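Asks: got a predicted structure here, sequence first:
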Amino acid sequence: MDEGFDKAARTLTTLLQDPEMECRGVTLLLEAFEAFLGNDALGPLLCEQPIADDFAEALNLKLYDVGWDVRDSVVEFVGRLFAKVDHSYPGVEFAIRYNLPLAVLDKITDSEAYVRASCLNTYQAIMKHPRGWDHILANQLQLKVVSHLPALLHDSEAFVRRAALEAMVCLVRDQSCGAVLMEGKEEVVSPADMAKIMDDMDWEVKIRGCQFLEALWDCDERSMDGNKRQRRGLAEDAGSNEMEDVPYQAAQPTWFYRMQGDQLLLEAVQDPARLVRQSILLILRRIHASLSPPLASASRKRASHAPTSAQDADLLCRIQQVDFDRLEASVSVEHLYQEAMEVDREGVDEEMMRVGEELQLDSLDLKISMDVD
């Protein structure tokens, strides 16, 4: 290793070990170390040097710093290591070698809400990275993450609840790992929890609740696809050309209906928040499109992606009763501007009428006074 670079790396480590170092200084040190890791020549070399051991140890100590902003900076630093597009980025090797994902997980119950939220966001980055997800599975960290979710879904801070729901969506949608959430020994989220989420005071929490229900729907739909392929194979083995000749068996419980997702999404059509209604509009249209073809078709040949359960038929019927034109108009920004202009115009007209009446009264009083004189 170049002597100058070695000296610089040791200086960074020594400064990071300083217990008096404040957040701004820690952030700059982490950014400098991140820049070293990003260098094609120096990054891989740095990970092989003894100084990396000292830096990793200093990082772990900073996770327990008295300043919450310092702890938060370290957690976000780990997340950035896994957020790189380049999968050969040596920062990932550094994080895995020193088991930084586990160190971050230990702070998911931190006393500071910002740190808890950052831990959840960092784990999303780790889960979405191929090597990060392999590391999580190898150490069964997904089970530890899930075990903390019930408390985080009821966190006092809305941004923590948002991050918890985003992590749940990531598990279901990006990793097809819904069973960890929905089939564990302990219930992570119940229908009552989902109802509370969809009635949250924070509209962004409600949007993420909608996204989680959509992810459950997609997961159930993928299960239906797998079941139909299996039935088609069985039909071919039996010498039949019709898949309907093979009895239908659900591949897994329909998590969407278990969470009463149909009822909650339809109720959210009336949500007072425009962006929540906008999210619902897009989700209901997707579900409607996925349900309509097989139920409307007269052919025995089903669409490959569509389920045919009584619950689906009922949901389709209820979705068809939604006035999508009116719903779309209610989420239009132009519609809101028009409403605001009409309200302002009405307010101006009322004010002008009131001022005019006052002027008329003043004029009448003045005329009476002049007549008396």
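Replies: Received it, and whenever you're ready, just let me know what you need. For clarity, every value in this text was computed on a predicted model and none was experimentally measured. Numbering: from 1, shown residues only.
Asks: any idea how far the residue most central in space within the chain is from V333?
Replies: The centroid of the chain falls nearest to E166 when counting by CA atoms, centre = their mean (2.3 Å). Remark: distance between E166 and V333 (CB to CB, to the nearest Å) = 25 Å. Just so you know, the C-beta spots here come from the backbone N, C-alpha and C atoms, and that holds for glycine as well.
Asks: then D262?
Replies: For D262 relative to V333 (CB to CB), the value is 29 Å.
Asks: for S111, same thing?
Replies: 40 Å.
Asks: now the terminal residues of stretch 317-329, how far apart.
Replies: End-to-end distance of stretch 317-329 (CA to CA, to the nearest Å): 22 Å.
Asks: off-centre distance for that stretch?
Replies: Per CA atoms, centre = their mean, to the nearest Å, the displacement of stretch 317-329 from the mean C-alpha position of its chain is 26 Å.
Asks: average model confidence for that stretch?
Replies: Across stretch 317-329, the average pLDDT comes to 94.
Asks: just the buried residues of that stretch, please?
Replies: 319, 322, 327 (16 or more other CB atoms under 10 Å).
Asks: now render the residues you listed as JSON lines, adding distance to E186.
Replies: What follows is the buried residues of stretch 317-329, written out as JSON lines (distance: CB to CB, whole Å):
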{"residue": "I319", "distance to E186": "33"}
{"residue": "V322", "distance to E186": "36"}
{"residue": "L327", "distance to E186": "37"}
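Asks: show me where the stretch 151-300 of the chain has its strands.
Replies: Counting by DSSP state E, counting those that start in this stretch, the stretch 151-300 of the chain has no strands at all.
Asks: low-confidence ranges in the stretch 101-250 of the chain?
Replies: Residue ranges of the stretch 101-250 of the chain with pLDDT under 70: 222-250.
Asks: what about the helices in it?
Replies: For the stretch 101-250 of the chain, the helices defined by DSSP state H, counting those that start in this stretch occupy 113-128, 130-138, 141-153, 158-169, 178-182, 191-197, 203-237.
Asks: buried ones in the third one?
Replies: Residues of helix 141-153 classed as buried by neighbour count (16+ other CB under 10 Å): 141-142, 145-146, 148-149, 152-153.
Asks: for the first one, same thing?
Replies: Of the residues in helix 113-128, those buried under the neighbour-count criterion (16+ other CB under 10 Å) are 113-127.
Asks: quick one: that helix to helix 158-169, angle?
Replies: Helix 113-128 and helix 158-169 are oriented at 20 degrees to each other (axes from the mean of the first three to the mean of the last three CA atoms, to 10 degrees).
Asks: and the chain, what are its domains?
Replies: Using automatic domain parsing, the domain parsing of the chain gives 1-120, 190-295+303-322.
Asks: endpoints of the last one, how far apart?
Replies: The stretch domain 190-295+303-322 measures 27 Å between its terminal residues, going by CA to CA.
Asks: quick check: E186 touching S147?
Replies: Yes: using CB atoms under 8 Å, E186 makes contact with S147 at a distance of 7.4 Å.
Asks: quick one: L316 from L165, how far?
Replies: L316 is 26 Å from L165, by CB to CB.
Asks: more neighbours, these two?
Replies: L165 (27 against 19; other CB atoms under 10 Å).
Asks: what is the burial count for A313?
Replies: Count around A313 with other CB under 10 Å applied: 14.
Asks: need the pLDDT of it.
Replies: Predicted confidence (pLDDT) for A313: 91.
Asks: okay, and it sits in which element?
Replies: Using DSSP states H and E, A313 maps to helix 310-320.
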